[in-house]
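Enquirer: Pasting the sequence and the predicted model now:
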Amino acid sequence: MRRPSAPSATRSPPSPPSASVWSSRPMSVRVRFAPSPTGQVHIGNIRAAIFNWLYARHTGGAFLLRIEDTDRERSTPEAIRTLLDVMEWLGMTSDEPPVYQSACTERHLEVAEAMVAAGTAYREDRDGKGECIVCRMPESGRLEFTDAVKGRIRKQAEDLQDFVIVRSDGTPVFHLANVVDDHDMRITHVIRGDDHVENTFKHLQIFRAMGAEPPIYAHLPMIVNHMGKPYSKRDGAAFVGDFQAQGFLPEALFNFLALLGWAPGDDREIMTRGEMVEAFDLDRCKSSAARFDLKKLTWMNGEYLRRLPRETLDAAFRERLAAGGLDPASVTDEVWNAILDLMIPRTKIFGEVPGNCAYFFTDDFAFDPRAVEKRLRPEGTRERLLKVAETFESLPAFTLESTEAALRALGESMATGIGSLVHPVRVAVSGMTEGPGLFEMLVLLGRERVCARLRQAVRMAG
RNA sequence: ACGCCCAUCGUCUAUCGGCUAGGACACAAGGUUUUCAUCCUUGUAAGCGGGGUUCGAUUCCCCGUGGGCGUGCCA
């Protein structure tokens, strides 16, 4: 398949897209994701990969991976590993062995030479750096192509300039390598970012020079940040790895990203892979930029998270707690399961697990300053906390019912109401203002720990 | 500067000339309990401006405006 088809000697202009041998019969779709491994995979790039993947699956075609590793500096084995890992994490693996662009350099140069021989390219010394090879663009007329998502796109030849395809140091430039590889991989649809629309004219010109039928191009709108500006690394989470680290689920990220620039047409949002594959199509893709809404992703992640089987959640909680320096085994199985029951509905991202559950596993948990200020500082809290501790200590049994009854009784006798007890107690034992029902929490922590924490909190109280 | 592309609630989007403009996130209120989350109900909220075409424009055309991209021996 890597065979060079001899570039035709046709002159620059017409070269009608003559029906090639196989174009008369239904050619099966072949798409590719062609990232350059930089060590991180950008969210915009992976979205392009998702659309390629969906299109391949929808049409029953092939999804291929081409690693554009010609930048030897950055394309380290680790960077490539990261890329492959991300692809696998999201469940998108190449249907054929990945093509490494760096292995195709000779072929690229061979095409360039053939273009020079045919007159569709020429050698020139542009800036005294030595001779490079330049591709000839048409000098007049109008160029156009039909983009599968943007429709007809045209440009006057005057607005296009001849461009370098081989540097004076003998290395092929992106445009050449990209096109030759797409050709050799028999790519039928190039689905890529918006930022490549203008390049398409150059690419088409190289295809023409090769005497080959160009693929169909589909340009996806860009993803922009919350400010509406192009999403960059400066925007915080811009890489797939960031989301992975924060504990987002691959299925949720996939679903969310698929909905940026595409919609099934009905009102479905949460969809299975199969549903997305079935509903996906290029002509349902939008052509305007989409903003990345972290809140919606977070919501969607929560939806996916809560549908996970118990064992998966159990394992994920254990893993996250351990990563946060907490020991899940420090509580009994019974308590552990009760904690899960309480915390799962309150979890949207696994990354927040250690922070939200710390007080169950250690006495050395953090106090939210604002919570302390609001619930512990107020006048009289000290006395109330002490009183609660004494009451709890004198209880015959420390249960859901007994603790609640005791606190209510105390609250009524105090005129400040039960709220003036409940809130400070919560902060005293957990360090925060939110969490499971107070009495469930108390019982799980146990009388000893609760009372100790109440007495400790007195020091912070007003 | 020139060229290309884009333009519906705050955000993601539906609408392929008939719209009382639909859904989701977020937000607000209520059901609820001490908080938070979940769940349910309800509510606020949109067609960038100006011209045309048409019986009728969010939908088609033009001009503005705004934004993005491009104009590299970067990818």
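Expert: Looks like it arrived, so ask away. Numbering: from 1, shown residues only, chains lettered A, B, ... in the order given.
Enquirer: so what's the backbone phi/psi at A:G151?
Expert: phi 80, psi -160 (degrees, to the nearest 10).
Enquirer: Can you mark which positions in stretch A:381-394 are buried?
Expert: For stretch A:381-394, a neighbour-count test (16 or more other CB atoms under 10 Å) marks A:T381, A:R382, A:R384, A:L385, A:V388, A:A389, A:T391, A:F392 as buried. No exception for glycine: its C-beta is placed from N, CA and C like everyone else's.
Enquirer: before we move on, what about stretch A:304-324?
Expert: Going by 16+ other CB under 10 Å, stretch A:304-324 has these buried residues: A:Y304, A:L305, A:L313, A:D314, A:A316, A:F317, A:R318, A:R320, A:L321.
Enquirer: Let me know the closest of those to RNA strand B.
Expert: A:L305 (10.1 Å; CB to the nearest atom of the strand).
Enquirer: Which residue comes closest to A:V353 once chain neighbours are left out?
Expert: A:R320 (4.2 Å; CB to CB, 6 or more residues apart in numbering).
Enquirer: my bad, should have said A:F248
Expert: A:N301 (5.3 Å).
Enquirer: give the contact list for that neighbour.
Expert: Under the criterion of CB atoms under 8 Å, 6 or more residues apart in numbering, the neighbours of A:N301 are A:F248, A:L249, A:A252, A:L253, A:F256, A:K348, A:I349.
Enquirer: A:A237 sits in which helix or strand?
Expert: Assigned by DSSP states H and E, A:A237 belongs to no helix or strand.
Enquirer: and the spatially closest residue to it that is not a sequence neighbour, how far is that from A:L326?
Expert: Nearest non-adjacent residue to A:A237, counting by CB to CB, 6+ apart: A:F243, 6.1 Å away. A:F243 sits 23 Å away from A:L326, going by CB to CB, to the nearest Å.
Enquirer: Look at these two and report which has more neighbours.
Expert: A:F243 (25 against 20; other CB atoms under 10 Å).
Enquirer: so A:V179 touches A:A209, yeah?
Expert: No. With contact defined as CB atoms under 8 Å, A:V179 does not reach A:A209; the gap is 9.2 Å.
Enquirer: Just to check, A:E68 is in contact with A:V173?
Expert: No. Using CB under 8 Å, A:E68 is not in contact with A:V173; the gap is 11.9 Å.
Enquirer: so, in contact with RNA strand B or not, stretch A:61-76?
Expert: Yes. Stretch A:61-76 is in contact with RNA strand B by CB under 7 Å from any atom of the strand, via A:E68, A:T70, A:D71.
Enquirer: Taking those residues, please make a ChimeraX selection of just the buried ones.
Expert: To isolate the buried members of these in ChimeraX, using 16+ other CB under 10 Å:
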select /A:68,70
